[in-house]
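# return atomic coordinates for the entry below.
(chains A and B)
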Amino acid sequence: MSAIHMRGIDYAILVIYFLFVLGIGWALKRRMKGSADFLLSGRSIPSWITGLAFLSANLGAQEVIGMAACGAQYGIATSHFYWIGAIPAMVFLGIFMMPFYYGSKARSVPEYLRMRFDEKTRRFNALSFAVMTVFSSGISLYALAKLLDVLLGWNFNASIAVSAAIVLAYIFLGGLTSAIYNEVLQFFMIVFGFAPLAWLGLRDAGGWTGLKARLSEVAVSQHFAPGTWTQSWRHMGDAGSNPMGVAWFGLAMGLGFVLSFGYWCTDFLVVQRAMAANSMAAARRTPLIAAFPKMLFPFLVILPGMAAIALVHAGRLPPLVDADGARNYNMVIPVMLGHYLPSGLLGLGFTALMASFMSGMAGNVTAFNTVWTYDIYQGTLAPGKSDAHYFLVGRLATVFGVLLSVAAAYVASRFNNIMNLLQLVFAFVNAPLFATFLLGMFWRRTNGNGGFTGLVAGTAAAALHHGLTLPLGEVPGLKGGWLGAVLRVYPSEMAQNFWTAIVAWSTCFVITVIVSLATAPDKTDAELSGLVYSLTPRPPAEGEAWYKRPVVLGVAVLAATLALNLIFA
Amino acid sequence: MNFDLRLPLGLIFSLFGGIIAVDGALSDPPAYAMSLGINVNLGWGLVMLAFGVAMLGLALRARRKGSCPKSLIPKIKDLGHDPLP
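Coordinates of the predicted model:
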């Protein structure tokens, strides 16, 4: 275990960063005059900021650490999480879905569901989403405190208290705007903090050519074809010929379609950033602007992992192991930080890592307080109060959300299995959601009963599929097969996840269609205007420069992504 | 929105870039054995400093632009022109 050694200059960078974070919250404090300022940023932010925040809200440290780990474990095939699993969905959101989210004036994703379907669909989504955000936030907090404990020997409880207090302070002061601004700051911290790491790792491995040669040794040592770590598509013909254990169809449908569109197009945590933009055009540009850096992120987060495994294999880097000596790919980033970065840049890289844990938490808290205040409190518990009342509730929900996250962090530290179980349940809830949105936005005949029944059936189908299948080499339990019979064994857990998502989505789609057709329409065309594609006037071609138009940006993003897929095929 | 995020971005990266570049300029070569013998603090510190200064420049330019013609807005509007979005 290579703990890192920080000097004065590193701590100075850490302290300066957090002073700025709190300063941004403080500077925004006097702008918070009502619940819309606090929870929705008053829809006033330019698109370059919402775009980078859209990207950053998702770029928690779990992603940085996890993607580097996958880079080491699976090689460049990890880029599928970006080039197939994110970009197409982001383009779809910007071009086709944002007009409904932004144009409907819904304040949240669950609120859109109420406008399009009915109250019960909204409640189902709002409640599951609120619980999910609290636990995701708690997991971020737990992971941060554990990392600080392992790397620097900081006290676990003190790390949780200080990190939670900083996040609470800047959201309580400046609301969503503060979270968004800090996400942009964090974006640049990640770029400046990790670029030297990627560059030094690649250089040490002998450049791209040297890295390819070294990685072919890694692949052969694990009984795969030599190019498996450096070619993203060529080994996807069969699940047995790549370390992910997935084949192209499961990958394209499960990850590329269901999971990716389900997350990027319906998860309020990211959609909220676009909804805070200052105009329809800016809202539509938000995911498209985010897509450009997203497309290049594999070079920042996956490349270090690939370099690390090559260098470990060659004996030039210490092994990627836990404190107890077990192999742990999550150690890629910490090991490389300690190995390559001198004091100064080490402080920067470490601060970037800490910042991304905290903004991962802040993103969840800001999504939680909005859904709690508008969808659960105002929608169900106490409708018809003054805005000042909801503003206060929004602030209290922030405190409440942070306290719940702290509780969830301790739950995570005590009962690892409960957290895994919850994540599984959320996956069941999320997987079918995109079918509900797709039908709701593009087929006017979809009604409330259809939407709700489809969603519940899709969730049940996900659970059923998971309960009846198992990844290779696992015993029945949390990994699947808990319904007593195992109908299918998947080559890997990832393949099982992708197919769970495909089954859930298809079930939701079919059941929504059947129930909608079997029951009476519940909304008139006039009521659906602005919520359904065919009944909504196209947004006017914004009188803006051609390069700012969503379709132009979308086509450019897709063309560049296709090029990357071909280059690294 | 009159809070320009480029200002704090410019400030923090000028500060970080400056601190790290100065540290790089003052430290001895052996300190860089780990970074493959390259003085990454000096090089990368200067890159960050350049980014920070560019952000500050953009923020200050926007501020000058924004503050100057405001007093003229009513007059220009009276003339039937509306040059501001």
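# hey, let's count contacts and neighbours off CA atoms from now on
Will do.
# lowest-confidence helix or strand of chain B?
Using mean pLDDT, DSSP states H and E, helix B:73-78 stands out as the lowest-scoring helix or strand of chain B, at a mean of 39.
# where does the chain have low pLDDT?
The chain I'm using is chain A. The model of chain A has pLDDT under 70 over residues A:1-3, A:416, A:419, A:539-543.
# the chain in question should be chain B.
Flagging of chain B using pLDDT under 70 yields the residue ranges B:1-2, B:66-85.
# up against chain A, what does it have?
Contact residues (Cα under 8 Å from any Cα of the partner chain) of chain B with chain A: B:1, B:5, B:8-9, B:12, B:16, B:20, B:23, B:31-32, B:34-36, B:40-41, B:44, B:48.
# okay, and which of those map to helices?
In helices, defined here by DSSP state H, the members of the residues of chain B next to chain A are B:8-9, B:12, B:16, B:20, B:23, B:40-41, B:44, B:48.
# which of the residues of chain B next to chain A are buried?
B:5, B:8-9, B:12, B:16, B:20, B:23, B:32, B:35, B:40-41, B:44, B:48 (16 or more other Cα atoms under 10 Å in any protein chain shown).
# pull the most distant pair out of those.
In these, two members sit farther apart than any others by Cα to Cα. They are B:Leu5 and B:Tyr32, at 34.2 Å.
# all helices for the stretch 51-200 of chain A, in order.
Assigned by DSSP state H, counting those that start in this stretch, the helices in the stretch 51-200 of chain A fall at A:61-74, A:80-83, A:87-92, A:98-103, A:109-116, A:119-152, A:156-204.
# residue of the stretch 1-150 of chain A nearest chain B, please.
Minimum separation of the stretch 1-150 of chain A from chain B (Cα to the nearest Cα) falls at A:Ser44, amounting to 6.3 Å.
# number of nearby residues for that residue?
Using other Cα atoms under 10 Å in any protein chain shown, A:Ser44 is surrounded by 17 other residues.
# and A:Ile24, by the same measure?
Neighbour count for A:Ile24, taken as other Cα under 10 Å: 23.
# and the residue nearest to it when sequence neighbours are not counted, how far from chain B?
Excluding the flanking residues, the one nearest A:Ile24 by Cα to Cα, 6 or more residues apart in numbering or on different chains is A:Ser178, at 6.5 Å. Counting by Cα to the nearest Cα, to the nearest Å, the separation of A:Ser178 from chain B is 11 Å.
# and if you look at A:Val321?
As defined by Cα to the nearest Cα, A:Val321 lies at a distance of 20 Å from chain B.
# list the contacts for the nearest residue in space to that residue that is not next to it in sequence?
Closest residue to A:Val321 apart from its sequence neighbours, by Cα to Cα, 6+ apart: A:Arg327 at 4.3 Å. Contact partners of A:Arg327, counting by Cα atoms under 8 Å, 6 or more residues apart in numbering or on different chains, are A:319-321.
# how close does A:Arg327 sit to A:Pro318?
A:Arg327 sits 11 Å away from A:Pro318, going by Cα to Cα, to the nearest Å.
# what sits against the residue nearest to A:Ile24?
Counting by Cα under 8 Å, 6+ apart, A:Ser178 touches A:24-25, A:28, A:170-171.
# by neighbours, which of those residues wins?
Using other Cα under 10 Å as the neighbour test, these are led by A:Ile171, with 31 neighbours.
# surely it is in contact with A:Ile180?
No - A:Ile171 is beyond contact range of A:Ile180, at 9.7 Å (criterion: Cα atoms under 8 Å).
# identify the residue nearest A:Arg116 in space, chain neighbours excluded?
The nearest residue in space to A:Arg116 (Cα to Cα, 6+ apart) is A:Leu531, at 6.2 Å.
# swap in A:Trp83?
Spatial nearest neighbour of A:Trp83, excluding adjacent residues (Cα to Cα, 6+ apart): A:Thr561 at 6.0 Å.
# just A:Lys146 next, same as before
What sits nearest to A:Lys146 in space, not counting adjacent residues and going by Cα to Cα, 6+ apart, is A:Phe156, at 6.5 Å.
# interface residues of chain A facing chain B?
Counting by Cα under 8 Å from any Cα, the residues of chain A lying close to chain B are A:13, A:17, A:20, A:24, A:44-45, A:181, A:185, A:192, A:196, A:200, A:204, A:339-342, A:344-345.
# now with 6 Å, please.
Residues of chain A found near chain B (Cα under 6 Å from any Cα of the partner chain) are A:340, A:344.
# just the strands in the stretch 451-569 of chain A please.
A:469-471, A:488-490 (DSSP state E, counting those that start in this stretch).
# can you list the strands that the first one pairs with?
The strands that strand A:469-471 pairs with in its sheet are strand A:488-490 (parallel) (by DSSP bridges).
# list the buried residues of the partner strand.
For strand A:488-490, burial by neighbour count (16+ other Cα under 10 Å) applies to A:489-490.
# pick out the residue of the stretch 251-400 of chain A closest to chain B.
For the stretch 251-400 of chain A, Cα to the nearest Cα, closest residue to chain B: A:Tyr340, 4.9 Å.
# residues touching that residue, list them.
Taking Cα atoms under 6 Å, 6 or more residues apart in numbering or on different chains as the criterion, A:Tyr340 is in contact with B:34-35.
# how far away is it from A:Cys265?
For A:Tyr340, the distance to A:Cys265 - Cα to Cα - is 38 Å.
# with A:Met441 instead?
For A:Met441, the distance to A:Cys265 (Cα to Cα) stands at 12 Å.
# hang on, the earlier thing: could you redo the helices of the stretch 51-200 of chain A as a markdown table and give each row distance to A:Gly360?
Conversion of these to a markdown table gives the following (distance: least, Cα to Cα, whole Å):
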| stretch | distance to A:Gly360 |
| --- | --- |
| helix A:61-74 | 7 |
| helix A:80-83 | 18 |
| helix A:87-92 | 19 |
| helix A:98-103 | 23 |
| helix A:109-116 | 19 |
| helix A:119-152 | 7 |
| helix A:156-204 | 9 |
